[in-house]
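Novice: With the input below, show me the fold.
(one chain, ligands or ions: 1)
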Amino acid sequence: MNLISLLKTNDAKARAMLEEIRWPNGPVCPHCAHDDRIHPITGKSARNGLYECGECSKQFTVTVGTVMHNSRLPLVKWIAAFYMICSDKKGVSAAQLQRDLNLGSYRTAWHMAHRIRAAMQEEPLSGLLSGAVVVDEAYVGGKPRPGEPKSKRTNKRGRGTNKTSALAMLECSGRARSGPVERFDAKTQKSAVINSVHAASVIFTDERNSYTGLGESFPNGHKTTKH
Ligand SMILES: [Zn+2]
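Specialist: Next comes the predicted model:
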């Protein structure tokens, strides 16, 4: 997963992605925490991804209780914004969010960044990440600035770039951690994940070989997604 492929995702896929991350074992009612009598509500007038709880009769979607709730912005853009903010240790400006996510106004971008950062700060980044945790590689460093020496003027993406390598870990509640790693080899990546994430968590990564064997440290599951 990278920003470009994320942005090509449609809203239904983005919703499925969020549901998979938030509810790896199926929908859970955010009002009463029951998970055994949840029914999807379909039909023309129903909002996408709406569920009803048979226990408390309340309705909900996957965004209830998150910063994405009641937002008119597409989920894809929210996920991409989380990704950008979590994977860039230098911080992402609202102007950059507006440009990269093609948002309608600076004000929208500013509010989005503000809500995401506020959610990330609700709990300080101490302790281990837990629950469902997405792990992905990230390369930190924006486009070369005008006037930068030509030798530095490479804007290559992915492996082989001269950007700083970082490993981004995102918890479904919105807590995240990212930090530079010396290299993207199996040993470095695996130990970074094991040191940051609670052993009872479910880990989501792409299919790269460097993550093979993570399941041994996370008995509840290591799920992979296609790149
Ligand atoms: Zn309920």
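Novice: and the chain, which residues reach the ion?
Specialist: 29, 31-32, 53, 55-56 (C-beta under 5 Å from the ion). C-beta: built from backbone N, CA, C; applies to glycine.
Novice: Out of the residues you listed, list just those in helices.
Specialist: Under the assignment DSSP state H, these contribute nothing to helices.
Novice: helices and strands around the longest helix along the chain, which ones?
Specialist: Of all the segments assigned as helix in the chain under DSSP H, the longest by residue count is helix 106-122. Using 3 or more C-beta pairs under 8 Å, 6 or more residues apart in numbering; DSSP states H and E, the elements in contact with helix 106-122 are helix 75-87, helix 94-100.
Novice: Return the most buried member of those.
Specialist: When those are scored by mean count of other C-beta atoms under 10 Å, the highest mean neighbour count falls to helix 75-87 (a mean of 22).
Novice: quick check: mean pLDDT across that one?
Specialist: When pLDDT is averaged over helix 75-87, the result is 84.
Novice: Can you tell me what sits against stretch 71-82?
Specialist: Stretch 71-82 is contacted by residues 3, 6-7, 9-11, 13-15, 17-18, 63, 67-68, 97, 100-101, 103, 108, 112-113, 116, 170, 174, 176 when judged by C-beta atoms under 8 Å, 6 or more residues apart in numbering.
Novice: Point out where the chain drops to low pLDDT.
Specialist: By pLDDT under 70, the weakly predicted segments of the chain are 1, 89, 120-128, 130-132, 137-168, 172-184, 226-227.
Novice: can you map out the helices along it?
Specialist: For the chain, the helices defined by DSSP H cover 3-7, 11-22, 75-87, 94-100, 106-122, 186-196.
Novice: circling back to that earlier point, in the longest helix of the chain, what's buried?
Specialist: Across helix 106-122, burial judged by 16 or more other C-beta atoms under 10 Å covers 108-110, 112-113, 115-116, 119-120.
Novice: to the chain's geometric centre, what's the distance from it?
Specialist: Taking C-alpha atoms, centre = their mean, to the nearest Å, the mean C-alpha location of helix 106-122 is offset from the chain mean by 15 Å.
Novice: Same check on stretch 28-41?
Specialist: On the basis of C-alpha atoms, centre = their mean, stretch 28-41 sits 23 Å off its chain's mean C-alpha point.
Novice: first vs last residue of it, how far apart are they?
Specialist: Using C-alpha to C-alpha, to the nearest Å, the span of stretch 28-41 from its first residue to its last is 15 Å.
Novice: repeat for stretch 30-42
Specialist: Using C-alpha to C-alpha, one end of stretch 30-42 lies 19 Å from the other.
Novice: same thing with stretch 206-216?
Specialist: 17 Å.
Novice: how far does it sit from the chain's center?
Specialist: When C-alpha coordinates are averaged (C-alpha atoms, centre = their mean), stretch 206-216 and its chain have centres 18 Å apart.
Novice: Please apply the same query to stretch 67-79.
Specialist: Counting by C-alpha atoms, centre = their mean, stretch 67-79 is centred 12 Å from the centre of its parent chain.
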